[in-house]
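1. Sequence and computational prediction follow.
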Amino acid sequence: MAAVSPERISIERYRHKAAGYDASAQRTMPLRRRTIALLRLQPGQCVLDVGAGTGLSYPLLREAVGDTGLVLGCEQSPDMFALAEDRVRREGWRNVWHANESAERVRLPRTADAVLFNYVHDVSRSPAAVRNLLQQVRPGAHVAMAGMKFFPWWTGPLNLLAWLKNRPYNARAADLWHPWDLIQAHCKDFEIASTQCGMGYIAHGITREEHP
Ligand SMILES: C[S@@+](CC[C@H](N)C(=O)[O-])C[C@H]1O[C@@H](n2cnc3c(N)ncnc32)[C@H](O)[C@@H]1O
């Protein structure tokens, strides 16, 4: 029997999560703001929101790039994307372009100056997605990411807790040791810090001229 792809698993999980997502994500807003600040966005820039979900980061990204800037998004779950699309239409935003497309396949209409990976573990563990996205970003772009990770190995059973917390959201929940390393390989000046008492991380860097 053929294995079910991470893409299908993820789409199915977010079918059930989409309606309650914004309410459940309210407590993540301070960390979201901190991660977006690491992008050092300037008015007029073009920023990519990877796995944009319901578009919760769009207002913050728009505020940072201003009316002359552009926010790009990709989101593979039709249910999450529909809510992001409702948000864009409701707010009448003209400088948001987004697509209901996977990070592995999306084609951006413009080269991005900065990229946000906010709690998109399945994307950051997909070599095809990381390659496709970072080839459409200019060299020298700021990249910022945040998400969950395993505790150090010697904490043992605590990682069962981390896995259980991640499983409902991520098809690749067992791969939480170095969730940033595929992206780090495309960057210089990469820095990583622990959050949430060691169960989370925040990281940032600058894209290199050459891809690995
Ligand atoms: C925890 S949510 C985070 C959403 C948003 N980044 C935020 O901060 O609110 C993870 C999102 O990643 C999306 N996702 C997972 N794998 C993806 C892929 N390969 N391409 C695009 N989106 C993906 C999911 O559908 C889901 O909307």
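-> Structure's in. What do you need?

2. Chain neighbours aside, what residue packs nearest to Ala25?
-> Once flanking residues are discounted, Ala25 sits nearest to Leu56: 5.8 Å by CB to CB, 6 or more residues apart in numbering. Bear in mind the C-beta positions are built from the backbone N, C-alpha and C, glycine included.

3. before we move on, what SS does the one you found have?
-> For Leu56, the reduced secondary structure class is coil; criterion used: DSSP: H, G, I helix; E, B strand; the rest coil.

4. Touching, it and Arg32? I think so.
-> Yes: under the criterion of CB atoms under 8 Å, Leu56 makes contact with Arg32 at 7.1 Å.

5. Looking at the two, which one has more neighbours?
-> Legend: neighbour count by other CB atoms under 10 Å for Leu56 and Arg32, higher for Leu56 (21 against 17).

6. for the more buried one, what are its contacts?
-> Under the criterion of CB atoms under 8 Å, 6 or more residues apart in numbering, the contact list for Leu56 reads Tyr21, Asp22, Ala25, Arg32.

7. In helices, which of the residues you listed appear?
-> Cross-referencing the contacts of Leu56 with the helices (criterion: DSSP state H) gives Tyr21, Asp22, Arg32 as the overlap.

8. related to what we said a few turns ago, please pick the buried ones from the contacts of Leu56.
-> In those, burial by neighbour count holds for Tyr21, Ala25, Arg32, counting by 16 or more other CB atoms under 10 Å.
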